[in-house]
Each structure stands twice: as C-alpha cells, then as structure tokens.
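Colleague: Take this sequence and fold it.
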Amino acid sequence: MALLKFGQRKTGAPGPARPEFEAFLENYSIEVMPRTAEKVEDFRTLLPAGTRVYIAHIEGTPIADMVATAARLRAEGYEPMPHFPARIIKDEATLADWIARYQGEAGVREALLLAGGVEKPHGDYHCSMQLMESGLFDKAGFRRLHVAGHPEGNRDIDPAGGSATVDASLRWKQDFSRRTDAEMAIVTQFAFDAEPLIAWADRLRAEGITLPIHIGIAGPAKLQTLIKFAVACGVGPSLKVLQKRAMDVSKLLLPYEPTEVVAELAAHKARNPDFNITNVHFFPLGGIKANAEWAQAHGGAAAAPATAA
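Modeller: I've put the predicted structure just below:
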C-alpha cells in the first residue's frame, strides 16, 4: 500500500476554516480490524500521534491477531482500545486471559465492552454488564471503559422496536460510572442524519444519562458500500439520507462524505457547549486512508511527516 502523502488530497476538497468544525474533530477516534490494519504500511503516515484506535473483534478472529494488532498500534504511538464482545467470551478464565495478554503484550489500558453481534452466546456471558461486574478490568487497572450506544435502537436488544431495554442498560452503566472510578463514555453505531442524533443525545441527558457520547460517523465511501453496511448493521431511520442521495443521479457516482452531518453536529455543539456529544468516532467504511485524508482536509490534526527509510 502506498504511503499517504498529505500534500496530495484526493478525498474531498479542503474544508473551509470553521473553528467549530475543527474543534469537533479534535481527538477523534477510528476503528480497525486486524485484517484492515494489515493493509496499512505505517499508521504514523495516516493518523495523528496518540489517536485512540478501536480494534473490532469479529467472531472467529483469533485473540492472537487482536493482541498483535494492539501491540503494533502501541508501538507506532497510538492508544489501542480493543473490543470485548461478551457473547464470544467463553468464561471468566478466557476474559482474564485476554486482559492479561492485551496488557502484557500491548500495554492496553482501555476497552470497549459490548454484547457483540452473535445471536447465541459462546459461554457464560451475554451482555457487557456481566463483563463490568466481573471486576477483572478494575483489578487489572484499566483506566477507561467505553460502552455501546444505539441512537436508532437495536432490534437484537429490543426485538419489538423502541429502546426500553437499551435505555435501561445505559441507566445501569451510568450508575456503574457513579459508583466506581472508571472513566466511561458511550460510543455509538454510525448514522447519517444529525437531527435524530441530537434529539437522542438530548433525551438521554434529560433522563439523567450524562456519560459523554462519542458519536459514530461513517467515513468517506462509495454510496453502495454505505448502504450495504447500513443494512447489515441495522441502521434504520437515517438510511433515508442515503436513499435520497441515491435518487440524485448527479451524486450517485460520487463518494459519500460525512461533511454535512459533522458540520451540523459541530454547529450545534458550538451553540450548546454542554451538549453531551463530545467526540467523533469514525468507521472507515471506505478505507482508513480515505478517512484520514478527509479528516485532515476538514481540520483534523495532521499525521506526523513521513520520514525517509
């Protein structure tokens, strides 16, 4: 894979000088998988130093590959945050082993705890709350635990629709954050429409759920790619944004870029400083390079200059 040269921006034009846009992108995070990370020659040519990089753990991925990816990211100057999907963790011994390996081999101190997209649990755990209650992360000295959020609901959790079970889970996690010293935040599934995201975040705050929200944003990608992922991941109401775009022939062949949704969220944050969406979390569905280029072009911090071999 050719190294990214930030002097040659191919994804989107440089964004206008908008301080609120740049502020909103500050300290953004991004998600990779071991197989996508392997395609990146050097993350230091793509991402700002210290970026939090989530490592998605898909069913069937060997833990050795997950730990190796975390170790590589740590060595290149990033903060790895691996997923711990409850439903693919067999038992407490397995959970303890994963934690020990991540810490011992990669210096991991942060984790995203989630149920996982597996219908039938592989063992003793079926939800992220059980992982939190195990006490193993606290015992190991993890300083930060993030949990999943679903602005458009989750049919796996609330099969009849609505958000009663999802909301109850977030209230439990809010309470957990108050009775422990864990630094916590909600990281969400991606969506494409700012208005329902703002309404969802405001509703949580009104109900006493004040955990910071790291909002999921799909990075630049072909429209067909985004629609495929949106359907697979259960993104519902905001899918209309993509469908409307698909009807516009002039835009059909152009890559989707998240400029509009990020701009609306950034403007709302600027008008409402206590707004509980605090960070952007990118899903690089069109590739890590394209996402990194877009972020830099629109005010995100630059990667370190490439050095000669």
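
Colleague: mean confidence for stretch 60-71?
Modeller: On average, the pLDDT along stretch 60-71 is 98.

Colleague: mind listing what's buried in that stretch?
Modeller: Thr61, Ile63, Asp65, Met66, Val67, Ala68, Thr69, Ala70, Ala71 (16 or more other Cβ atoms under 10 Å). (C-beta placed from N, C-alpha, C; glycine too.)

Colleague: Check what contacts that stretch and list those residues.
Modeller: Applying Cβ atoms under 8 Å, 6 or more residues apart in numbering, the contact partners of stretch 60-71 are 32-34, 37, 55, 57, 80, 82, 97-98, 101-102, 105-106, 108.

Colleague: Run the chain-centre distance for that stretch.
Modeller: Relative to its chain's centre, stretch 60-71 lies at 18 Å (Cα atoms, centre = their mean, to the nearest Å).

Colleague: on that earlier part again, now, which of the contacts of stretch 60-71 lie within helices?
Modeller: Pro34, Ala37, Asp97, Trp98, Arg101, Tyr102, Glu105, Ala106 (DSSP state H).

Colleague: tell me which of those is nearest to Pro258?
Modeller: Nearest to Pro258 out of those is Ala37 (Cβ to Cβ; 21.7 Å).

Colleague: Run a quick neighbour tally on that closest one.
Modeller: 18 (other Cβ atoms under 10 Å).

Colleague: Which one of the buried residues of stretch 60-71 is nearest to Leu46?
Modeller: Closest to Leu46, out of all of the buried residues of stretch 60-71 and judged by Cβ to Cβ, is Thr69, at 14.8 Å.

Colleague: Regarding the residue nearest to Gly219 when sequence neighbours are not counted, which helix or strand does it belong to?
Modeller: Spatial nearest neighbour of Gly219, excluding adjacent residues (Cβ to Cβ, 6 or more residues apart in numbering): Asn291 at 3.4 Å. Under the criterion of DSSP states H and E, Asn291 resides in helix 288-297.

Colleague: Can you name the next helix or strand after the helix or strand bottoming out on mean pLDDT in the chain?
Modeller: In the chain, no helix or strand scores lower on mean pLDDT, DSSP states H and E than helix 249-252, which sits at a mean of 50. Using DSSP H and E, the next helix or strand after helix 249-252 towards the C-terminus is helix 259-271.

Colleague: And the helix or strand following that next one, what does it pack against?
Modeller: Remark: after helix 259-271, the chain's next helix or strand is strand 277-283, criterion DSSP H and E. Counting by 3 or more Cβ pairs under 8 Å, 6 or more residues apart in numbering; DSSP states H and E, the packing neighbours recorded for strand 277-283 are strand 29-32, strand 183-191, helix 194-206, strand 213-218, helix 259-271.

Colleague: Quickly run through the sheet partners of the fourth one, with directions.
Modeller: With DSSP bridges as the criterion, the sheet partners recorded for strand 213-218 are strand 183-191 (parallel), strand 277-283 (parallel).

Colleague: now it against helix 194-206, angle please.
Modeller: 160 degrees (axes from the mean of the first three to the mean of the last three Cα atoms, to 10 degrees).

Colleague: How about residues contacting strand 213-218?
Modeller: Here strand 213-218 has contacts from 29, 146, 149, 185-192, 197, 201, 204, 226, 229, 256, 258, 261-262, 265, 276-283, 285, using Cβ under 8 Å, 6+ apart.

Colleague: Comparing the strands paired with strand 213-218 by mean pLDDT, which bottoms out?
Modeller: With a mean of 93, strand 183-191 has the lowest mean pLDDT of the strands paired with strand 213-218.

Colleague: what's the neighbour count on Ser19?
Modeller: Just so we're on the same page, residue 19 is Pro rather than Ser. Neighbour tally, Pro19, other Cβ under 10 Å: 10.

Colleague: so what's the backbone phi/psi at the closest residue to Ala267 other than its chain neighbours?
Modeller: Of all residues not flanking Ala267 in the chain, Glu20 sits nearest, at 5.9 Å (Cβ to Cβ, 6+ apart). Backbone geometry at Glu20, expressed as degrees, to the nearest 10, gives phi -70, psi -30.
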